[in-house]
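**Q** heads up, no residue letters with this:
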């Protein structure tokens with residue numbers, strides 16, 4: 001027999017490390033006060049979010065005093081392109097959730113976090129019109145196609161969960177889409193209202209700066225760009241970053257308050273490139289759950305915002321240690337990890353500091369037992385990387401991508417290594433254990 005308990009609590013875990021928690025029985029508290037709240041308001045020390053009747057929301061950044069209005073509207077447009085390129089239908093009509101009533105309810109209200117659920121429906125065409133079929137079969141160049149969306153409409157269901165935790169600097173959003181239509185694209189719009197003609201997008205080992213408007217050499221009718229972990233924009237007073245999980249397409253809309261348009265779902269009928277290669281599963285029919293985060297920040301805190309964007313990419317990992325491992329192990333079962341040896345209840349294997357500096361690797365060497373740690377400086381100026389000499393470190397040296405040993409580093413009197421990284425520099429360090 002067994003008893004299962006689901007527990008939600010706020011875990012404070014040291015950098016690149018772990019902390020042990022345990023559960024014990026306690027007497028039930030009496031007369032516990034329920035946290036009061038408004039279904040339309042989420043608030044912590046960093047921000048205040050007010051949900052509008054149409055499911056969009058405004059966000060007040062308490063640090064800067066700046067309010068970002070009408071975030072989170074969804075738009076749906078026709079898509080007669082393919083897996084490579086987005087091409088809107090000839091009529092170019094857009095369906096949005098703006099000014100359409102939504103059902104707003106409180107899902108969780110506690111001292112740790114506030115979760116609001118928003119339910120909406122969109123009535124959209126079921127697919128492209130039949131005239132597109134002959135053009136696909138005849139391999140008409142996608143840019144030369146002409147077709148309208150079907151006149152038959154279907155309901156698209158959207159469920160949005162806004163989560164604001166007590167000690168976080170970002171608003172987390174989870175959107176669940178029940179997709180019943182073909183040949184279309186769904187995006188969420190984040191109007192920034194920022195005065196800037198440039199923005200930033202994360203890519204491998206670099207955060208690139210791009211103009212909001214494309215130059216004359218840009219011939220693609222779609223203005224979409226690609227990102228990896230986040231896209232951000234800032235002006236002289238404030239900035240806003242939109243992080244994502246696996247949502248790699250975005251577009252900046254200068255004519256809509258410099259909005260960041262994040263693609264959530266694309267439904268297309270063919271692979272593209274050359275010839276006609278149908279891809280029915282690329283229509284993405286069914287239920288999909290997408291996650292992103294909105295992070296406001298003050299001027300001069302660009303590097304801190306980048307940290308939030310990277311931290312959003314993964315959750316904490318939970319592992320059960322157990323008090324009596326031998327008792328828990330069944331006959332023939334492989335021994336659990338840590339069956340021998342002792343570790344402290346809390347430990348950080350490596351903690352580092354550096355504005356805009358991101359760790360990209362922490363790994364064992366290919367040909368030796370040394371550990372290798374890799375960092376990249378995403379800032380446009382040099383920054384100082386600092387990290388402590390931990391007890392398990394015998395020696396730290398500069399290395400390279402092929403893990404060769406170069407200069408040995410010397411910590412200061414406090415046991416801290418300080419390394420200067422040039423703008424955009426990628427730096428690798430070897431650690432002898």
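**A** Sure thing, it's come through. Source: prediction; values computed, not measured.
**Q** quick one, helices of this structure?
**A** 131-137, 302-311, 325-328 (DSSP state H).
**Q** what does the first one rub up against?
**A** Going back to what we said before, that points to helix 131-137. 80, 145-148, 183, 269-270, 276 (CB atoms under 8 Å, 6 or more residues apart in numbering). Every C-beta, even on glycine, is put in place using the N, C-alpha and C of the backbone.
**Q** list the buried residues in it.
**A** Across helix 131-137, burial judged by 16 or more other CB atoms under 10 Å covers 132, 135-136.
**Q** quick check, nearest of those residues to residue 417?
**A** Distance to residue 417 across these (CB to CB) is lowest for residue 136, with 59.4 Å.
**Q** how close does that closest one get to residue 409?
**A** 60 Å (CB to CB, to the nearest Å).
**Q** just want the most central residue of the chain.
**A** Taking CA atoms, centre = their mean, the centroid of the chain lies closest to residue 244, which sits 2.4 Å from it.
**Q** how about the nearest residue to that residue, chain neighbours excluded?
**A** Spatial nearest neighbour of residue 244, excluding adjacent residues (CB to CB, 6 or more residues apart in numbering): residue 292 at 4.6 Å.
**Q** what is the neighbour count of that neighbour?
**A** Summarising burial for residue 292: neighbours were counted as other CB atoms under 10 Å, giving 24.
**Q** let me know the pLDDT of it.
**A** Per-residue confidence (pLDDT) for residue 292: 98.
**Q** chain center to stretch 396-410, what's the gap?
**A** How far stretch 396-410 lies from its chain's middle: 32 Å, per CA atoms, centre = their mean, to the nearest Å.
**Q** what about residue 165, distance to residue 200?
**A** Per CB to CB, residue 165 is found 25 Å from residue 200.
**Q** one more: residue 68?
**A** Using CB to CB, we find residue 68 at a distance of 17 Å from residue 200.
**Q** on that earlier part again, rank the helices of the chain by mean pLDDT and give me the bottom one.
**A** Across those, the lowest-scoring stretch is helix 325-328, with a mean of 46.
**Q** OK, contacts around the nearest residue to residue 100 once chain neighbours are set aside?
**A** Excluding the flanking residues, the one nearest residue 100 by CB to CB, 6+ apart is residue 54, at 5.5 Å. Neighbouring residues of residue 54 by CB under 8 Å, 6+ apart: 73, 97-102.
**Q** so where's this structure uncertain?
**A** 29-37, 39, 322-341 (pLDDT under 70).
**Q** for the residue nearest to residue 244, list each beta-bridge partner.
**A** residue 173, residue 244 (DSSP bridges).
**Q** that one touches residue 246, doesn't it?
**A** No: if you go by CB atoms under 8 Å, residue 292 and residue 246 don't touch, sitting 9.8 Å apart.
**Q** so what's in contact with the two at the same time?
**A** What both residue 292 and residue 246 touch, as defined by CB under 8 Å, 6+ apart, is an empty set.
**Q** which one of the contacts of residue 54 sits closest to residue 296?
**A** Of these, the one sitting nearest to residue 296 (CB to CB) turns out to be residue 73, at 17.8 Å.
**Q** tally of neighbours for the closest one?
**A** Around residue 73 there are 23 residues (other CB under 10 Å).
**Q** same check, this time on residue 2
**A** Going by other CB under 10 Å, the residues that sit close to residue 2 add up to 3.
**Q** one step back: mind checking how far the residue nearest to the centre of the chain is from residue 372?
**A** Between residue 244 and residue 372 the computed distance is 28 Å (CB to CB).
**Q** again with residue 417
**A** Note on residue 417: its distance to residue 372, by CB to CB, is 15 Å.
**Q** and for residue 64?
**A** In terms of CB to CB, residue 64 sits 39 Å off from residue 372.
**Q** of the two, which one has the most company?
**A** For the pair residue 64 and residue 372, the greater number of neighbours falls to residue 372 (19 against 15), based on other CB under 10 Å.
**Q** ok, now which ones touch the more buried one?
**A** Contacts of residue 372 (CB under 8 Å, 6+ apart): 361-365, 399, 403, 428-431.
**Q** for residue 9, same thing?
**A** Shown in contact with residue 9 (CB under 8 Å, 6+ apart): 21, 112.
**Q** go again with 10 Å.
**A** When contacts are counted by CB atoms under 10 Å, 6 or more residues apart in numbering, residue 9 touches 21, 23, 112.
**Q** before we move on, what about residue 278?
**A** 136-137, 269-271.
**Q** ok, now with 8 Å
**A** 269-271 are the contacts of residue 278 under CB under 8 Å, 6+ apart.
**Q** re earlier: out of the helices of the chain, which comes closest to residue 14?
**A** Using CB to CB, the nearest of the helices of the chain to residue 14 is helix 302-311, at 13.8 Å.
**Q** tell me what the closest one is packed against?
**A** Applying 3 or more CB pairs under 8 Å, 6 or more residues apart in numbering; DSSP states H and E, we find helix 302-311 packed against strand 198-203, strand 230-234, strand 238-244, strand 286-298, strand 357-364.
**Q** returning to what we had before: just name the closest of the contacts of residue 54 to residue 265, please.
**A** Residue 265 has its nearest neighbour among these in residue 97, at 14.4 Å by CB to CB.
**Q** neighbours of the closest one, how many?
**A** 24.
**Q** what sits closest to it if chain neighbours are left out?
**A** Nearest to residue 97 is residue 74, by CB to CB, 6+ apart, at 4.7 Å.
**Q** surely that neighbour touches residue 184?
**A** No: the pair residue 74 and residue 184 does not pass the contact test of CB under 8 Å, sitting 11.8 Å apart.
**Q** those two - which one has more neighbours?
**A** residue 184 (27 against 23).
**Q** now do the strands in the stretch 251-400 of the chain.
**A** Listed in chain order, the strands of the stretch 251-400 of the chain (DSSP state E, counting those that start in this stretch) span 259-267, 286-298, 346-348, 352-353, 357-364, 371-377, 383-388, 395-399.
**Q** burial measure for residue 194, as a count.
**A** As a measure of burial, residue 194 has 21 neighbours, counting by other CB under 10 Å.
**Q** with residue 167 instead?
**A** If you count neighbours by other CB under 10 Å, residue 167 ends up with 11.
**Q** next up, the contacts around it.
**A** 10, 44-45.
**Q** buried among the residues you listed? Make that a PyMOL selection.
**A** A single PyMOL command selects the buried members of the contacts of residue 167 (16+ other CB under 10 Å):
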select buried, resi 44
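**Q** can you lay out the contacts of residue 167 as TSV showing distance to residue 207?
**A** Listed next are those as TSV, based on distance: CB to CB, whole Å:
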residue	distance to residue 207
10	30
44	27
45	27
